[in-house]
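Enquirer: What would the 3D arrangement of this be:
(chains A and B)
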Amino acid sequence: MDALKLYDDGHQWYVFGRDPEKPEKIIDTNQFLIVDGDRSILLDPGGIEVFSTMLASVLKYVDIDQVTDLFASHQDPDIISSLGMWDQILPKATLHASWLWEGFIRHFGMDNIAYHGIPDTGERLSLNNVDLEFIPAHYLHSSGNFHVYDPKSKILFSGDIGAALEPPGMPMFVDDFDSHVEKMRYFHERWMPSNKAKRHWLERVRKLDIEIMAPQHGRLFKGDDVNKFLDWFEQLEVGVATA
Amino acid sequence: MFDDSSHIAAQTAAAATISGHLYRASMIAKRMALAAKNSRAMVLRAGSKAAGLKVISDYFDELAGKTISLSHIINQSAISISQNSVRQWRTQSFLHNLSKSSTRIDQSKTDQLKPAMKVGENNLNGLADILQGELSSLNDQLLDIRQYMQSSNVVAVTFRLEATQTGEFQPLLESMANSIDGLSNEIKNHITFSQNQLAQLKVS
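Expert: Numbering: from 1, shown residues only, chains lettered A, B, ... in the order given. You can find the predicted model right below:
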């Protein structure tokens, strides 16, 4: 599994993905680790199929005791079906996810980890030196959905927004926005159900100072490409399935 | 050891299968209880001609009640075994994944996984001990219910014999004896199946 350090100034952001060992038919995912001294949080730690690779990757950068928190943007299996495994290796950790999904996410197996339900309006999580913001993104695509914004690094973890469906081994960052659009179009038209929710999210996110927008699938957006994405998403009609 | 997930999967499936069969046995036991109540009513209607059947009918009613209670208990035992198996399966999968991770990292990091591995192994051993106890207890309970069904077969034979003394009630009472016999055999089939599955669980 590839790992890339996205930020390193007092605290660190890592992205893990492009796992060559993952079974062919499961969708490729990006997992993120934020390290802030003796506390670390894993964002969308992934499905059960990538657990052993993820664990080995994470331990290259932190000790196991440093992983104190997990975050799940929503309840899907590619996001958090590895929970039953993390639950046994990180019994003292806390999982932060929408209050809406607690009873559902626990189906993945959760005997030890504490569940912290994020209220619909979002909230902040203070690690050591960084305050992360859980930004509401309801109905994009899940009915209880959050993204994570770090005002120090100016990185927005945007869950399924910005995701693209591409063959394995694609680069980590968008290098040509115009040609990348077609790789994102169907995903957003089909998986995102609500234009109203999209507008609310855009209104909220345009107020943030974003250097990197980091989705859970596909490539990350940097610099001008972030605004290009927001403009493109704004004009896109979503929720298109009619059959 | 950690690659033995197919064995645990088979164990989980076998325990769930036993639970399913015992549930069906408990449903049949309910029909037996109804048959017992019918036979008692018929014996009362037959009056003095069926005086000898009253004791048998009462015994049958008691047997049906005990069978229902026991089948509920053993169904719960089988469900508990099935749940325990799933926990074992999950723990084994965790240990397997941990083992895979440890081949990809430095020795110093591998040491960090050891406490979790130890806890997992202890859990697995604890679950295996619990499972052995539950299997043994389930085996005893299945033997008890088999004993009840053998008694039930004897009741049916005696019932049929006594029915010959009841004149016009004989055909009805014989039919009831056949019903008792048939239901007992149905339950016995489920018990035999469950015992065979259990034997395989214990062997593997």
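Enquirer: for the helix or strand of chain A with the lowest mean pLDDT, packing partners?
Expert: Ranking every helix and strand in chain A by mean pLDDT, DSSP states H and E puts helix A:51-58 at the bottom, with a mean of 90. The contact analysis (3 or more Cβ pairs under 8 Å, 6 or more residues apart in numbering or on different chains; DSSP states H and E) places helix A:51-58 against strand A:12-17, helix A:83-89, helix B:51-102. Yep, even glycine has a C-beta here, placed from its N, CA and C like the rest.
Enquirer: CA atoms only: put it into PDB for me.
Expert: C-alpha atoms of helix A:51-58 as PDB (Å, rounded to 0.1, in the frame of the first residue of the first chain):
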ATOM      1  CA  PHE A  51      -7.100  -4.200   7.500                       C
ATOM      2  CA  SER A  52      -3.800  -6.100   7.700                       C
ATOM      3  CA  THR A  53      -2.100  -3.900   5.100                       C
ATOM      4  CA  MET A  54      -3.400  -0.700   6.700                       C
ATOM      5  CA  LEU A  55      -2.300  -1.800  10.200                       C
ATOM      6  CA  ALA A  56       1.200  -2.600   8.900                       C
ATOM      7  CA  SER A  57       1.300   0.800   7.000                       C
ATOM      8  CA  VAL A  58       0.100   2.800  10.000                       C
END
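Enquirer: Give me the pLDDT for the residue nearest to the spatial centre of chain A.
Expert: Nearest to the geometric centre of chain A sits A:G159, at 3.9 Å (Cα atoms, centre = their mean). If you check A:G159, the pLDDT there is 98.
Enquirer: before we move on, what about B:G126?
Expert: Residue-level pLDDT assigned to B:G126 equals 95.
Enquirer: Could you pull up the residues touching the residue nearest to the centre of chain A?
Expert: With contacts defined as Cβ atoms under 8 Å, 6 or more residues apart in numbering or on different chains, A:G159 is in contact with A:44, A:73-74, A:137, A:140, A:145-147, A:215-216.
Enquirer: just checking, it is part of a strand?
Expert: No - A:G159: not assigned to a strand; according to DSSP: H, G, I helix; E, B strand; the rest coil it is coil.
Enquirer: contacting residues for B:S194?
Expert: Contacts for B:S194 were tallied using Cβ under 8 Å, 6+ apart; they are B:18, B:21-22, B:25, B:78, B:142.
Enquirer: So among these, where is pLDDT lowest?
Expert: pLDDT across these is at its lowest for B:A78, which sits at 79.
Enquirer: Tell me which residues touch the nearest residue to it once chain neighbours are set aside, please.
Expert: In space, and not counting its chain neighbours, B:A78 is closest to B:S19: 3.7 Å by Cβ to Cβ, 6 or more residues apart in numbering or on different chains. B:S19 makes contact with B:75, B:78-79, B:81-82 under the criterion Cβ under 8 Å, 6+ apart.
Enquirer: In CSV: those residues, plus neighbour count.
Expert: Below are these laid out as CSV (neighbours: other Cβ atoms under 10 Å in any protein chain shown):
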residue, neighbour count
B:N75, 20
B:A78, 27
B:I79, 16
B:I81, 25
B:S82, 19
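Enquirer: picking that back up, Throw the contacts of A:G159 into TSV and include distance to A:W13, thanks.
Expert: Shown next, in TSV, are those (distance: Cβ to Cβ, whole Å):
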residue	distance to A:W13
A:D44	13
A:S73	16
A:H74	21
A:A137	19
A:L140	22
A:N145	21
A:F146	17
A:H147	14
A:P215	14
A:Q216	14
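Enquirer: So which of those is the closest to B:I68?
Expert: A:H74 (45.9 Å; Cβ to Cβ).
Enquirer: ok, the nearest residue to the closest one once chain neighbours are set aside to A:Q75 distance?
Expert: Distances taken as Cβ to Cβ, 6+ apart place A:S142 nearest to A:H74, at 3.4 Å, with adjacent residues excluded. Per Cβ to Cβ, to the nearest Å, A:S142 is found 6 Å from A:Q75.
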